[in-house]
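> sharing a model that was predicted from the sequence below.
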Amino acid sequence: MGLPWINGVICFFHKSGKTLLIDYRDYPHKIHEGKYSLPGGKLNDGESSEKAGIRESWEEARIIARGMTYRGRVHFNNEERTVLGKPMKINMSVDIYDCFDFDDSHAEATEEKDGRRAKLEWVADDKVLSINELHEGDKKMLEWLRDYKEFEGTIKQVGERLSEANLEYYIAA
């Protein structure tokens with residue numbers, strides 16, 4: 001019997017040729033420690049993925065998302081994945097959204113622990129894929145997003161390394 005599957009959401013915020021990342025490089029996060037990540041998380045019971053994206057954007061980055069565009073779904077097969085040496089406990093099917101219409105006038109990373117705070121960083125779009133501390137699966141999603149089509153894909157990691165990234169299909173825009 002494998003790990004249970006849960007639903008989640010990830011939001012890509014774009015402004016002036018930049019993408020928003022949360023910087024966890026100096027922050028003790030259970031999944032993202034030492035990495036950059038994107039706003040997102042698990043869906044609450046009965047919550048749509050779009051509503052979860054709006055909620056998570058506020059909770060993690062104090063950004064008010066007004067309009068989000070559904071871009072696709074990624075299935076994270078975490079059966080053999082570890083993070084910081086610990087096995088994952090869930091697989092995730094994650095809906096992906098782009099957001100260009102938002103209010104970031106109160107933006108700040110809300111994660112705080114041990115006197116440290118995660119940071120928000122706007123990174124030039126042409127530099128994002130070259131960030132070593134970005135999860136390999138997030139890099140794959142960014143590559144798939146570049147074609148401006150709705151997509152579905154599967155990402156599998158063994159240990160802490162990407163072992164498979166399969167784009168199952170694109171739907172013409």
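All right, it came through fine.
> give the contact list for residue 147.
residue 170 (Cβ atoms under 8 Å, 6 or more residues apart in numbering). All C-beta spots, glycine's among them, are computed from the backbone N, C-alpha and C.
> for it, helix, strand, or coil?
Recorded secondary structure, residue 147: coil (DSSP: H, G, I helix; E, B strand; the rest coil).
> now the helix or strand bottoming out on mean pLDDT in the chain, how far from the centre of its chain.
In the chain, no helix or strand scores lower on mean pLDDT, DSSP states H and E than strand 112-113, which sits at a mean of 72. Centre-to-centre, strand 112-113 and its host chain are 20 Å apart (Cα atoms, centre = their mean, to the nearest Å).
> and for stretch 163-171?
That offset, for stretch 163-171, works out to 17 Å (Cα atoms, centre = their mean).
> just the residues contacting that stretch, thanks.
Under the contact criterion Cβ under 8 Å, 6+ apart, stretch 163-171 has outside partners 77, 80, 136-137, 140, 144, 147, 149-157.
> the same query, at a cut-off of 7 Å, please.
140, 144, 147, 149-157 (Cβ atoms under 7 Å, 6 or more residues apart in numbering).
> sort out which of those are buried, if you could.
140, 144, 150-157 (16 or more other Cβ atoms under 10 Å).
> before we move on, back to that, save the contacts of stretch 163-171 as a markdown table, and put in secondary structure too.
As requested, the contacts of stretch 163-171 are arranged in a markdown table below (three-state DSSP):
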| residue | secondary structure |
| --- | --- |
| 140 | helix |
| 144 | helix |
| 147 | coil |
| 149 | coil |
| 150 | strand |
| 151 | strand |
| 152 | strand |
| 153 | strand |
| 154 | strand |
| 155 | strand |
| 156 | strand |
| 157 | strand |
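> of the residues you listed, which one scores lowest on pLDDT?
In this model, the minimum pLDDT among those belongs to residue 147 (79).
> how close does that one sit to residue 18?
Residue 147 sits 20 Å away from residue 18, taking Cβ to Cβ, to the nearest Å as the criterion.
> check the secondary structure at residue 51 for me.
helix.
> and the pLDDT at it?
Reading off the confidence values, residue 51 has pLDDT 95.
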